[in-house]
Structure formats: C-alpha cells, structure tokens
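A.B. asks: model this:
(2 chains)
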There are 2 protein chains.
Amino acid sequence: MKSFIKYPENSDFSIYNIPFGVGVFNKEYIACCSRIGDQVIDLATLYDYGFFDEIEGIDENVFEAFTLNEFIALGKPVTKAVRLKLQEILGENSKLAGDKKTIEECFYDFDKVQMMMPVHVPNYTDFYSSIEHATNVGKMFRDPENALLPNWKHLPVGYHGRASSIVVSGTEFHRPKGQTKPAGAENPIFGPCKQLDFELEMAFIVNKNTEMGDSISTAEAEDAIFGLVLFNDWSARDIQSWEYVPLGPFLGKNFCSTISPWVVTLEALKPFKTDSPKQEPEVLDYLKFEGLQNFDIHLQVYIQPENGKENLISKSNYKFMYWNMLQQLAHHTVNGCNVEVGDLYASGTISGSERSSFGSMLELTWRGTEPLKLSDGTERQFINDNDTVIMRGYAEKEGMRVGFGEVRGKVLAAKM
Amino acid sequence: MKSFIKYPENSDFSIYNIPFGVGVFNKEYIACCSRIGDQVIDLATLYDYGFFDEIEGIDENVFEAFTLNEFIALGKPVTKAVRLKLQEILGENSKLAGDKKTIEECFYDFDKVQMMMPVHVPNYTDFYSSIEHATNVGKMFRDPENALLPNWKHLPVGYHGRASSIVVSGTEFHRPKGQTKPAGAENPIFGPCKQLDFELEMAFIVNKNTEMGDSISTAEAEDAIFGLVLFNDWSARDIQSWEYVPLGPFLGKNFCSTISPWVVTLEALKPFKTDSPKQEPEVLDYLKFEGLQNFDIHLQVYIQPENGKENLISKSNYKFMYWNMLQQLAHHTVNGCNVEVGDLYASGTISGSERSSFGSMLELTWRGTEPLKLSDGTERQFINDNDTVIMRGYAEKEGMRVGFGEVRGKVLAAKM
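C.D. replies: Numbering: from 1, shown residues only, chains lettered A, B, ... in the order given. Purely as a prediction, here's the structure:
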C-alpha cells in the first residue's frame, strides 16, 4: 500500500497505521483527527465534505468532540470502517490526491497542531504483568529468594490508579513532595521526592459500557478494545515504599501519568501479533485464550537533560508481557466490575530479561546503586529536575511500520 | 427553628439539615432537590418561581442537571446561601407556608420520588482511618503483636477505588465471582465469593477542581468539602485476601459500593463537631489542624434477611476516626494530585473499641469464627444471598437532629 502523501520509510504514521487523536487546529478549533506521515487530518471537516457518507452510524458531531469517546463508543464496525475509508482515500491513486481544496482544508503539518488528551478517562487501572519487572521489584523490596508473590502466576495483579492526573505527552509537571522514611531514620520526613522514576508501559482503551454484574470473556475482549497508547507511569519510589503497605501505591503514583496523543487501533497492530511467554502453572478457565495475543512492539526510553541530547537508556518490547490484554480485561470484569468508554488499562512496567531492557530507573540502576552515565558526563540514579523522559514505540515487519510516535514529559522542580 | 412542614421529632430531615440530592419526579422529570421531613423539594421549579433570585451566581440550569456537580462547583458562598434561603422559606412564618400553588408544584411525598446518584464521581479514594478497624484487620491477617504497620500513625493510609461501580442506595447487585485460595488448597479456585462483607463508612464530596501540582492545606480543606454521605464499601474478603499483595484491594472491592442519596452539608453538621482521638506520635506539619474536626454522628448497621425483620448488628460513631477529613484531603493533595468536583473520599471502615461497634462482618464475627445470630434463628458469618444491608446515620444535640436517612443494598445470587 502506498499513499499520495509522501513520508519517510521509518515514519510511525504510515498508511498501515491510521491512528486517532484530538488536536487543536489554528490554536482555536478542536477536532478529532488522524495522521499520515507528517500530516494531521481534520476528520470533522473531512466528514463535512462527505467522505464518510457511506458509513452508517456516524453523525456530524462525532468528530467535532473534544475527545474520541463518542467515536470509539460507536464500536468496532464503525471505527474499523472509518479507518479503512481513510486508508482508501489516502491511497496513491485516490481521487483525493488531486482534490487541492479538501487537502488544503483538512490536512495540517503536524507541528501546527497542538495534540490534546485523546480520550476522557473515566477509570484507570494499572496492571503488573511483566514477570521480569515483578521479579526485579520483588528481589529489591522483598525477598530475593521468593521474589514473586504466590498469586502472581495465577492472576494478572492490578490496582486502581488516579484518572484525574493522566495528561497528554508534552505536559510538564512538578516533582511531587511527600512523606518518606529514609533508611535508618526513626521518623518520616517531608520534602520533595528524591527517587523520581518513570515506568515504561503501554495502555489499552475500552470502547464500551457494560452493566454492573456483567463480564467480558477473553473471547469477547478484543472487540471491546479500541486501541493502545504509550504510557509513562511516573513513580516516586521513596514515597511509594513508605506508604504502600498494606493497601498499595497511592501518592507515589497519582501526581502524574503521561500518555501519547495517538491511539493506534488493534486492527493496525494485528500484523504484529506474536506468541506469549508460556504460562505455567496452567491458568484457570476464565483466563484461557485462543491464538497469538501478544504484540511485537519495540519500545525505547530516552533521558534528555535540560539543553542536552537524548540518551537511549532502555530498549524493551511489549511482547515480553506474561499476561495479555484479553486476560487483563477478562480478569478485571470477572467479578462483575463494569467498564466505561474511555477506560484506560495500563500494562505495568514492561521489562525484558536483560538489564538494557528494564523499564524503570529502579531496575536500570538497581535502586540507585549502579547509576547510568549520560553522554554529557552526568550520572542518574533517578530522574533529575528539568530532565525530559521520552518513550517511543513501533512495530515493523515486511516493509510495514506502525508506530506510536512518542510520549514525552518534563519534570520541573517541586513547588515549595 | 420550626418549619410549617410538620415532621416527627426523630426525623433525620429536620429544618436544621436541608440536604441535597437528585430525584426523578413523576417517573420522568429529573431535578436537584432538597428534603424536609417526608417532603422532597424540587429546586428547579422553586428556582423558576424566583425563590433564589437574590443569590448571585446560580443560573437556571444548575438545578435542572442530572447531578449536583454543577451546583456544588459554585462553591461555598453559593451553596451556603441556597441552604440558608431554604431554611428561611421553610420557616413556620414564611410566606411560602400560605402559597398553595408553589407547594403543590414543588413539594412531593418522598415515596413518590425516585432518588438517583447525587453526584457524578470522577475519582474515588478509600482511606483506612479508623485505628480500631486497622488494628482488628492487622491482628487477623498479619501479626497480632504488630497489628498496625509502621506508617499507619504517620499518614492517613488510602488507596484508589473504582468510581464506575458506585451506585445509589436501593440498587441491587449480584454476588461477585472470582479467584480465591481456600486455606490448605494447593491452587486457587474460581466461583462465587463465600465471604461477602459490608464496610460501614462515610464519604465526603469535593466541590472544586484544582490544578496538578497544587495542594489543599488542612486550613483550606473545609472550604473544599461540600458535604457527606453514608457509604457501604462492599467487600469480598476471600477474593481480597488472595489478590491484595502487593498492590492492594482490587476485585475484592470494585464490584459495587453504595452511597446514600442525600448529601448532608458540612454546615448542617457543624453543631456536631467534636474532639479527635489524640494523635501520638505527633504528625508532620502538613497534617496538623486547628479546632474540633471530628463529628459526632451515630451510625448503625442492620441485616434484613429476605422477607424478614431488620436486625441491628452494629452501633458505631464517625467521631472514632483517628484521621479526620482535613488531614485526608491535605495528605491526598500534598504531592500535587489534582482533585475534581464530585470526587468522593471515603473514610474506611468505622469501628469503635467495643465488639458491638465494629463496622464489618469480618470484625463482628472475627473472620467468621463467631457467627451473629439473627432474630429469625439463622446465623451469619458473612452476608447471604438476598440479604439486605442497611446503614443509618444521624447527629443529635439540644433538640436538633441532622441525619442521612439510610444507605441500603440487597445482594442477589451470583450470575453464573
């Protein structure tokens, strides 16, 4: 497949992708959009020009919304059809190629568009589904001999996170303050977090509302998942390690989480399905699934100091996940917990087995004991003020590339 | 103070109360409302009749909304003024007393109005702020000699809960299913929860949006709290005890939580302020507060079997809380976590020091080992299918009574 829009071979936004997001055009007009190469496509105006007339179930307001929620709530038959229609009209021999007026009205250079939160997130859950990450953390914080707790291989452990502080890539935030208990101290102290960390994650977005009492089986889950984003689950390790017993992470997490602006659909990712790690012991029936359900998505993390260069510090892959999305959603709803359109379900930190593939500073520096050296000669145990953390992700195969672009966040000094 | 509306001396909805809620009138018309005695007052129509004309900042749509969020977002100056105006026009010598047309149009018998969720809840957090409850649970699940974990007296431990499954009093729900590991079993099993429990709690509702990075101090917190509701944090103990390490409660909680329909304002509760338990060791500066900040609110829990009588099984009091609301909100935001209008912050189970004041079956039956006898001769270790659990709460002093009515929920058999 080729498009009349030219883009470099390594563009995340090839014609095989066709992601969805929400943008501010000309600094004032907000609409749902898609992207190819460096061009952002205003879907509301494209709708007005009749390009989606054949697709039943879309009304004129769907793309004029400030979030994708209304669009994705239309369900897979509609969202798939819109994506296929975009692929068709972006094709190299399409009529649109010669339609200068439409192109002028609907296509914008990506650097002229301010991307916003793609969805309103009613509920956010964070899983803990990488066995390498859970093992690393268990070794450091609990017992090196019994790093994985007894439940870990029987269910995808997860917890509820804070929806209000999920922000879009590019949002700066202040280093959190809080209560910590330094090693050896008798009493806790208050001050800026000293162990600010990122967590390399991906998150999926749900496209339906269910009733309380209903469940989504692993067989039904794919239809309920619109797509994925990159997710940085910022973590204050010193706050977290003091507060988290017995009820889990709280202020160590809820000050900020950052997502990428483009939601890549499950359909675009389908060619990159791959095998899962073997689950042993065998899981209970409600967690069993059919077919290839992991995804081969290359993930990278960079630290960029103020006025400095990007330093690649981790290369991981979404395929390392022990528990897949279908299992996560089936588990989450097996008790009758209802889901809502726009809900965000994050993977947990995605670490591989090699040190270079660990998905957090906690693991990369082994709790700060082995600092990372950056290209400017400085060292990092954790993240410094004015550092920017950038995560990128893409899948690639047989000349097709489908990527997420990036999720980027800069840490400002604590507000005192 | 007396009203021209007659109500019994023990009514929770005296002229000193004036709570707020959302009701369906005549099975079709939805509006924000208040209540006195057995009369529910349609505030939207009362607004149309000009009764709130003197109050600046309310527009005509505020009371026509399906939730109180817009109203409470107007802030204390407005919500206080509306409550005082209602108190004034409900007074025994007010003009309204003789205004038959308005009374006919705006006042409804409470059993003719279907109450709805009073607010849309964007974020929900559950604290763990009763020292008696935390101690009881610590004794049962961890170490009787060190029941309280080291952080407990230094910060109000809390965790994020699920907002989607918070429902209004009267909503029935199905017993959750899930994964549990019976004592002595080698592997977990799947099936309906066998240890379904309630938790007697109260929850406060926030009236403002803050920016990420900002905090609400204990001195500012009262202004940010609109009012309180009764809260039943339904819990599946067998699911919870297997899943909760290391990230906290998840499916053991998120299948359902129930709130009372009437939000009682902080202003109505002010006369019932009382002293707090002494906090020892001294807390960090950001958790210090001035004045009396606990509330003397009598709480009761009843179990009503199908077609049976109500059995009073617990009498507790909100004044037992070790950590108060101001401390909870200050702690929650000290790291820069932003809050949103309608956010719900629950207390955690409210237990007193006597067995008869414990706020959960877990504690009342000491993990099922000492079942409760009901008046129909049956016993309960936990909650059975078709049982209804009812919680009531009221404050009383010098002839004033301000109450919450009740929060009621019935458990149906698991959906198989």
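
A.B. asks: contacting residues for the residue of the stretch 201-350 of chain A found nearest chain B?
C.D. replies: When C-beta to the nearest C-beta is the measure, the stretch 201-350 of chain A has its nearest residue to chain B at residue A:248, with 2.5 Å between them. Glycine gets a C-beta too; all of them are placed from N, C-alpha and C. Counting by C-beta atoms under 8 Å, 6 or more residues apart in numbering or on different chains, residue A:248 touches A:159, B:159, B:244, B:246-249.

A.B. asks: Without its sequence neighbours, what residue ends up closest to it?
C.D. replies: By the measure of C-beta to C-beta, 6 or more residues apart in numbering or on different chains, the closest residue to residue A:248 outside its immediate chain neighbours is residue B:248, 2.5 Å from it.

A.B. asks: Could you do residue A:49 as well?
C.D. replies: The shortest distance from residue A:49 to any non-neighbouring residue, by C-beta to C-beta, 6+ apart, is to residue A:102 (5.6 Å).

A.B. asks: I would like the residues contacting the helix or strand hosting residue A:395, please.
C.D. replies: Under the criterion DSSP states H and E, the helix or strand holding residue A:395 is strand A:388-397. Contacts of strand A:388-397 from elsewhere in the structure, counted by C-beta under 8 Å, 6+ apart, are A:12, A:198, A:200, A:202, A:230, A:232, A:260, A:269, A:271-272, A:295-304, A:310, A:318, A:383, A:401-411.

A.B. asks: Give me the ChimeraX select line for the residues you listed, limited to the buried ones.
C.D. replies: Of the contacts of strand A:388-397, the buried ones go into a single ChimeraX selection, burial set by 16 or more other C-beta atoms under 10 Å in any protein chain shown:
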select /A:12,198,200,202,230,232,260,269,272,295,296,297,298,299,300,301,302,303,304,318,383,401,402,403,404,405,406,407,408,409,410,411
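
A.B. asks: between the contacts of residue A:248, which is closest to residue B:4?
C.D. replies: Out of those, the one with the shortest distance to residue B:4 is residue B:159. That distance is 46.9 Å, counting by C-beta to C-beta.

A.B. asks: Contacts only, for the closest one.
C.D. replies: Per C-beta under 8 Å, 6+ apart, neighbours of residue B:159: A:159-160, A:247-248, A:250, B:125-126, B:128, B:248-249.

A.B. asks: go with 7 Å
C.D. replies: For residue B:159, the set of contacting residues under the criterion of C-beta atoms under 7 Å, 6 or more residues apart in numbering or on different chains consists of A:247-248, A:250, B:126, B:248-249.

A.B. asks: out of the residues you listed, what pair is the most spread apart?
C.D. replies: Across the contacts of residue B:159, no pair lies farther apart than A:250 and B:249, at 12.1 Å, counting by C-beta to C-beta.

A.B. asks: got the residues of the stretch 251-400 of chain A near chain B?
C.D. replies: When proximity is defined as C-beta under 7 Å from any C-beta of the partner chain, the stretch 251-400 of chain A approaches chain B at A:251, A:254-256, A:284-286, A:334-340.

A.B. asks: Would you mind checking these for buried ones?
C.D. replies: Applying 16+ other C-beta under 10 Å to those, the neighbour count classes A:251, A:254-256, A:284, A:286, A:334-340 as buried.

A.B. asks: rewinding a little: and of the contacts of residue B:159, the nearest to residue A:216?
C.D. replies: Out of the contacts of residue B:159, the one with the shortest distance to residue A:216 is residue B:249. That distance is 20.9 Å, counting by C-beta to C-beta.
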